[in-house]
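A.B. asks: after the sequence you'll find the predicted model.
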Amino acid sequence: MKAVVRLYGQELWRFGLCLAVFLTAVLTGGDTARIAPFAVALVLLLSLGLMLLKSAVHLALPFLQLTLLLIFCYDSYAVFIRYVWLAPVAVAALVVFLVRRRPQFVKGPSLLPLVAVSVATLLGGVGLIGAADYFRGASLGFMLLLGPGLVFSYWIMKHELADSRARERFLRDMLYWGLTAAAVTLWYVVPLILQNGGPVGFAVPQWSNNIATIMMIAIPTALAEKKRGLPHYVMLAVMLVATMAVGSRGGQIFVGAEVLLCCLWAWQTEDDPIKRLWNRTYFLWALMAVGYVYAILITNAAAFGLVSKTEARSLLLLRSLEDFCRNPLFGTGLGYRGNADLYSAKEGAINWYHMMIPQIVGGLGLGGILAWGYQLFVRAKLSFAVWRERDFAFALCYLGLLLMSQVNPGEFCPVPYAFLAVCAFAAIENSIEEKKVLQAVA
């Protein structure tokens, strides 16, 4: 009886938090000044949770929903700098958490590549940019979060995701995160589509790429349940439609391929013959639907804005190659501001190359190319080791992030994207280690 009450209590908590975040997003109209108090409330809730709760995994959904609210707060440095007093509170809460939990440092296969990427990030720009650019607040903050910060995150989350129930909870929380993002998206775009008589001709929201990234990370979690059925495919379809409708070109290009891979995985890993047949049917439906949508996108590429003669990304791609030649060993670094003519960063942000591969090539040089190549190789190896397990959903979540990172900063944004990538592979490592222990006992 206790287990049933706990289960329904958890679901009620998730639903209540998601509803509150949805209402905050739609009723504030995405206005930063009106969202800020709700964001502060979530930070205080997270701080309190760190000091009191047994596991940080219980805070996953509030953390994720906080990041969802923050995507609407574009160019909001002037608003949030007023809440700088929260930083000591959050740090104190984290210290209390570490003292209470005393997480053991466990080295897994992901750690060494992560350290290599951290070193490459810190060395980026050495020999090219001046000390003023290297040590300016924004660049130093990003370097510390993407470097030592991710190694620190690995230490904590490797410990927190050691239990299979914690990993299940984390996947469930990411599902609710994605569904909340889909609900906000549809609330915004459906009236515009009805008004314009189709999914074109309306202004794409500034937050379209971020919310598409969130949904692409969350989509695989819909099929990560032990008992997959029609409701799970409906949730997947809702996020698919929302990703297509929001106007993010990266989402429109990549989400179909991700959905097909998710459906194929669900089909291939289902043991029950009846459910396997249904999963095969769902895969075929998804194949036809995605093929039809892609055909529409390709034949109407200009109308959907997929083709643009003034696209800055192509110029940034060429710029990254030029900058690599200027400093082949360490690139331009995160403090580089030479891209300001092509990409004007807001206060507190970076002059990105705006795509993951150019950011590595131009921004981190040969050191970054080798470190990231090593990390992606290890991550692929870990993913294939669990492809028949439920925890392979973490690898598919990372794939969604990786695909979106090809046209956006993506994994170079420490919170939440780079952090979630670290969590995903800490979880996969724990799944592999748990399986080895069970096999040894058997």
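C.D. replies: That came through fine.

A.B. asks: so where's this protein uncertain?
C.D. replies: The model of the chain has pLDDT under 70 over residues 1-7, 198-201, 274, 277, 292-310, 345, 348, 437-442.

A.B. asks: which helix runs longest in it?
C.D. replies: Secondary structure of the chain per DSSP state H: the longest helix is helix 164-196.

A.B. asks: so which elements touch that helix?
C.D. replies: helix 2-27, helix 60-70, helix 208-218, helix 230-245, helix 392-404, helix 419-441 (3 or more CB pairs under 8 Å, 6 or more residues apart in numbering; DSSP states H and E). All C-beta spots, glycine's among them, are computed from the backbone N, C-alpha and C.

A.B. asks: and Ala93, helix, strand or coil?
C.D. replies: Here Ala93 is helix, with the state taken from DSSP: H, G, I helix; E, B strand; the rest coil.

A.B. asks: pretty sure it contacts Val43?
C.D. replies: No - the pair Ala93 and Val43 does not pass the contact test of CB atoms under 8 Å, sitting 9.5 Å apart.

A.B. asks: okay, and the common contacts of these two?
C.D. replies: Here Ala93 and Val43 have no joint contacts, going by CB atoms under 8 Å, 6 or more residues apart in numbering.

A.B. asks: quick check: the nearest residue to Asp391 once chain neighbours are set aside vs Glu258, distance?
C.D. replies: In space, and not counting its chain neighbours, Asp391 is closest to Ser431: 3.9 Å by CB to CB, 6 or more residues apart in numbering. Separation of Ser431 from Glu258 (CB to CB, to the nearest Å): 21 Å.

A.B. asks: for Ser110, same thing?
C.D. replies: Counting by CB to CB - Ser110 and Glu258 are separated by 22 Å.

A.B. asks: these two: who's more crowded?
C.D. replies: For the pair Ser110 and Glu258, the greater number of neighbours falls to Glu258 (25 against 21), based on other CB atoms under 10 Å.

A.B. asks: still on that earlier bit, count the neighbours of the residue nearest to Asp391 for me.
C.D. replies: The burial count for Ser431: 22, using other CB under 10 Å.

A.B. asks: got the domain boundaries for this protein?
C.D. replies: Taking automatic domain parsing as the domain assignment, the ranges for the chain are 1-102, 108-442.

A.B. asks: pick the most deeply packed of those.
C.D. replies: Compared across the domains of the chain, domain 108-442 shows the largest average neighbour count, a mean of 19 (mean count of other CB atoms under 10 Å).

A.B. asks: start to end distance for stretch 95-111?
C.D. replies: End-to-end distance of stretch 95-111 (CA to CA, to the nearest Å): 22 Å.

A.B. asks: any idea how far it is from the chain center?
C.D. replies: Relative to the mean C-alpha coordinate of its chain, stretch 95-111 is positioned 22 Å out (CA atoms, centre = their mean, to the nearest Å).

A.B. asks: try stretch 124-139
C.D. replies: Distance of stretch 124-139 from the chain centroid (CA atoms, centre = their mean) equals 27 Å.

A.B. asks: can I get that stretch in CSV, CA atoms only?
C.D. replies: Output in CSV follows, covering the C-alpha atoms of stretch 124-139 (Å, rounded to 0.1, in the frame of the first residue of the first chain):
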residue,chain,number,x,y,z
GLY,A,124,41.5,27.2,-25.9
GLY,A,125,42.8,30.5,-27.2
VAL,A,126,46.2,30.2,-25.5
GLY,A,127,48.8,31.9,-27.8
LEU,A,128,46.1,34.0,-29.6
ILE,A,129,43.8,36.0,-27.4
GLY,A,130,44.9,38.4,-24.7
ALA,A,131,44.6,38.0,-21.0
ALA,A,132,41.7,40.5,-20.9
ASP,A,133,39.6,38.3,-23.2
TYR,A,134,40.6,35.1,-21.6
PHE,A,135,39.8,36.2,-18.1
ARG,A,136,36.7,38.3,-18.8
GLY,A,137,33.7,37.2,-16.7
ALA,A,138,31.6,35.5,-19.4
SER,A,139,34.5,33.5,-20.9
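
A.B. asks: which other residues reach it?
C.D. replies: Residues contacting stretch 124-139 (CB under 8 Å, 6+ apart): 140, 143, 326-327, 329-337, 345, 348-350, 363-365, 367-368.

A.B. asks: if we can go back for a sec, in TSV: the helices and strands packed on helix 164-196, plus distance to Ile35.
C.D. replies: Below are those laid out as TSV (distance: least, CB to CB, whole Å):
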stretch	distance to Ile35
helix 2-27	7
helix 60-70	6
helix 208-218	14
helix 230-245	20
helix 392-404	23
helix 419-441	21
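
A.B. asks: these two touch, right, Phe38 and Leu68?
C.D. replies: No - in this structure, Phe38 is not within contact of Leu68 by CB under 8 Å, at 11.1 Å.

A.B. asks: what touches both of those two?
C.D. replies: Val21.

A.B. asks: list the residues that contact Gly349.
C.D. replies: Careful, residue 349 is Ala and not Gly. Per CB under 8 Å, 6+ apart, neighbours of Ala349: Ala138.

A.B. asks: what's the distance between it and Gly331?
C.D. replies: Applying CB to CB to Ala349 and Gly331 gives a distance of 18 Å.

A.B. asks: same thing with Arg100?
C.D. replies: Distance from Arg100 to Gly331, counting by CB to CB: 41 Å.

A.B. asks: next: Thr185.
C.D. replies: Distance from Thr185 to Gly331, by CB to CB: 35 Å.

A.B. asks: do Leu68 as well
C.D. replies: 32 Å.

A.B. asks: again, but for Trp285
C.D. replies: Relative to Gly331, Trp285 is positioned 45 Å away (CB to CB).

A.B. asks: and for Gly141?
C.D. replies: When Gly141 is compared with Gly331 (using CB to CB), they lie 19 Å apart.

A.B. asks: whichever strand or helix holds Gly373 relative to helix 392-404, how many degrees between them?
C.D. replies: Assigned by DSSP states H and E, Gly373 belongs to helix 356-385. Helix 356-385 and helix 392-404 are oriented at 160 degrees to each other (axes from the mean of the first three to the mean of the last three CA atoms, to 10 degrees).

A.B. asks: what's the angle between helix 356-385 and helix 419-441?
C.D. replies: 20 degrees.

A.B. asks: so what's Glu411 closest to, chain neighbours aside?
C.D. replies: Ser405 (4.8 Å).
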